[in-house]
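1. sequence and computational prediction follow.
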Amino acid sequence: MITAYPMFGKSKSLEICRAFVAGCGGIVAKDARQLLDGPAFFYGVNESNLHLWRQAEKDLRRDYFYADNSYFDKSRQQYFRVTRNRLQHSGSGQSDGTRFAALGIPISPWKTDGTHIVVCPQSAAFMRDVVGRPDDWLEVTLLTLRHVTSRPLLVRQWERDKTSLAATLAHDLERAYALVTWSSAAAVSALLAGVPVIVSDRCAAFRLSGSFQAIEYLPRPTRETWAGVLADNQWTLNEMRSGEAWAKLDGE
């Protein structure tokens with residue numbers, strides 16, 4: 001039986017946890033000191049459930065499910081992604097494209113005349129608690145970029161208001177040559193806008209991304225099937241409650 005471990009005092013986390021376990025016959029555990037038997041489900045990690053998240057990640061005999069906001073900015077607050085034993089889906093696999101088409105999001109031609117590089121750091125809490133990485137990503141990334149390119153760097157500072165942040169991303173991507181991030185959904189937005197990316201191997205955009213060493217030769221692969229697979233692996237709360245998400249959850 002799956003147990004969900006919401007963040008204390010976060011109503012959204014509790015709502016999503018309740019929706020998911022309703023569809024798979026699980027339970028919600030509040031203020032748990034240790035994991036109960038069986039798979040674990042998380043939507044968000046903070047000091048209230050960090051000890052449980054770390055237990056789940058280290059226990060190779062136990063499945064965990066990690067949920068977060070939509071892969072696509074346009075469907076934020078309507079859809080929520082869920083993955084098994086990883087933070088994001090890789091985008092590999094097959095899709096008929098129906099769910100992605102329903103979102104009404106265009107896939108723009110690849111840009112070939114961009115100038116600057118957009119750099120998108122994520123919150124210190126996410127990098128420290130969820131990823132388990134010291135808060136030095138931005139410093140290391142900027143240093144690396146300055147060694148491999150002379151292109152202007154545009155740093156988009158992290159903000160708690162994701163809707164406001166997403167609203168300015170399209171503008172920053174208009175004349176962008178590339179976007180660099182750890183695992184932000186900004187990478188998905190960039191690829192759909194025709195801007196190549198460099199990301200970590202835990203990001204949904206990794207299989208379409210390039211490297212710092214070959215920054216002037218970033219790949220521009222086809223994106224339709226990849227986008228379709230991501231759309232197939234995010235669900236509405238009603239789809240979670242009904243069990244549809246659980247039945248279709250990709251176990252890659």
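-> Cool, got the structure.

2. with just CA atoms, put stretch 206-220 into PDB.
-> Backbone C-alpha positions of stretch 206-220 (Å, rounded to 0.1, in the frame of the first residue of the first chain) are rendered in PDB as follows:
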ATOM      1  CA  PHE A 206      18.300  15.700 -20.800                       C
ATOM      2  CA  ARG A 207      17.900  13.400 -23.700                       C
ATOM      3  CA  LEU A 208      17.500  16.400 -26.100                       C
ATOM      4  CA  SER A 209      20.300  18.500 -24.400                       C
ATOM      5  CA  GLY A 210      23.900  19.300 -25.300                       C
ATOM      6  CA  SER A 211      27.100  19.800 -23.300                       C
ATOM      7  CA  PHE A 212      29.200  22.700 -22.200                       C
ATOM      8  CA  GLN A 213      32.200  21.300 -24.100                       C
ATOM      9  CA  ALA A 214      30.200  21.400 -27.400                       C
ATOM     10  CA  ILE A 215      28.300  24.600 -26.600                       C
ATOM     11  CA  GLU A 216      28.600  26.000 -30.200                       C
ATOM     12  CA  TYR A 217      27.200  22.700 -31.600                       C
ATOM     13  CA  LEU A 218      24.100  22.100 -29.500                       C
ATOM     14  CA  PRO A 219      21.700  19.500 -30.800                       C
ATOM     15  CA  ARG A 220      18.400  20.400 -32.400                       C
END
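
3. next up, the contacts around the closest residue in space to Leu103 that isn't next to it in sequence.
-> Closest residue to Leu103 in three dimensions, ignoring its sequence neighbours and counting by C-beta to C-beta, 6 or more residues apart in numbering: Ser75, at 5.5 Å. Using the backbone N, CA and C atoms, a C-beta is placed for each residue, glycine as well. With contact taken as C-beta atoms under 8 Å, 6 or more residues apart in numbering, Ser75 is in contact with 103, 105, 234.

4. top of those by neighbour count?
-> Neighbour counts for these (other C-beta atoms under 10 Å) peak at Gln234, which has 24 neighbours.

5. the protein: strands as residue ranges?
-> Listed from the start of the chain, the chain has strands (DSSP state E) covering 3-4, 27-28, 40-43, 64-69, 80-84, 116-120, 153-155, 176-181, 197-198, 234-235.

6. which stretch among those comes nearest Glu216?
-> Using C-beta to C-beta as the measure, strand 176-181 is the one of these that comes nearest Glu216, at 9.1 Å.

7. partner strands of the closest one, parallel or antiparallel?
-> Using DSSP bridges, the neighbouring strands of strand 176-181 in the sheet come out as strand 116-120 (parallel), strand 197-198 (parallel).

8. no further questions, thank you.
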